[in-house]
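J.: Let's see this in three dimensions:
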Amino acid sequence: MPIIINIDVMLAKRKMQSQELAEKIGITQANLSILKNGKAKAIKISTLEAICTALDCQPGDILEFKP
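T.: Numbering: from 1, shown residues only. Below is the predicted model:
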């Protein structure tokens, strides 16, 4: 998949656990895991906004395109 999801990188930079992020943004741990592992087919803009708010980052810090 050419779109890489770097949630793990941002979690490490912010010293935050996946469980804490899932609770802050209001999704299940399982759904967050699907996002982190690149298995998701789509992501809602509202979810991306919540992730960026919780991790104090920009969408470009989380999403990366590699052809």
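
J.: For the one helix or strand Val9 maps to, C-alpha coordinates in CSV please.
T.: Assigned by DSSP states H and E, Val9 belongs to helix 7-13. Output of helix 7-13 as CSV, limited to C-alpha atoms (Å, rounded to 0.1, in the frame of the first residue of the first chain):
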residue,chain,number,x,y,z
ILE,A,7,0.7,6.5,14.2
ASP,A,8,3.3,4.3,16.0
VAL,A,9,6.0,6.9,15.3
MET,A,10,3.9,9.7,16.7
LEU,A,11,2.8,7.6,19.7
ALA,A,12,6.5,7.0,20.5
LYS,A,13,7.4,10.7,20.1
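
J.: Can you give the distance from it to the centre of its chain?
T.: 8 Å (CA atoms, centre = their mean, to the nearest Å).

J.: One more: stretch 40-49?
T.: On the basis of CA atoms, centre = their mean, stretch 40-49 sits 9 Å off its chain's mean C-alpha point.

J.: what comes up buried for it?
T.: Of the residues in stretch 40-49, those with enough neighbours to count as buried (16 or more other CB atoms under 10 Å) are 40, 43, 47. Glycine gets a C-beta too; all of them are placed from N, C-alpha and C.

J.: Please tabulate those in a markdown table and include distance to Ala22 and pLDDT as additional columns.
T.: Formatted as a markdown table, the buried residues of stretch 40-49 follow (distance: CB to CB, whole Å; pLDDT from 0 to 100):
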| residue | distance to Ala22 | pLDDT |
| --- | --- | --- |
| Ala40 | 14 | 90 |
| Ile43 | 14 | 93 |
| Thr47 | 11 | 96 |
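
J.: mind listing which of those are in helices?
T.: Thr47 (DSSP state H).

J.: Could you look up the next helix or strand downstream of the helix holding Val9?
T.: Next in sequence after helix 7-13, counting helices and strands by DSSP H and E, comes helix 18-25.
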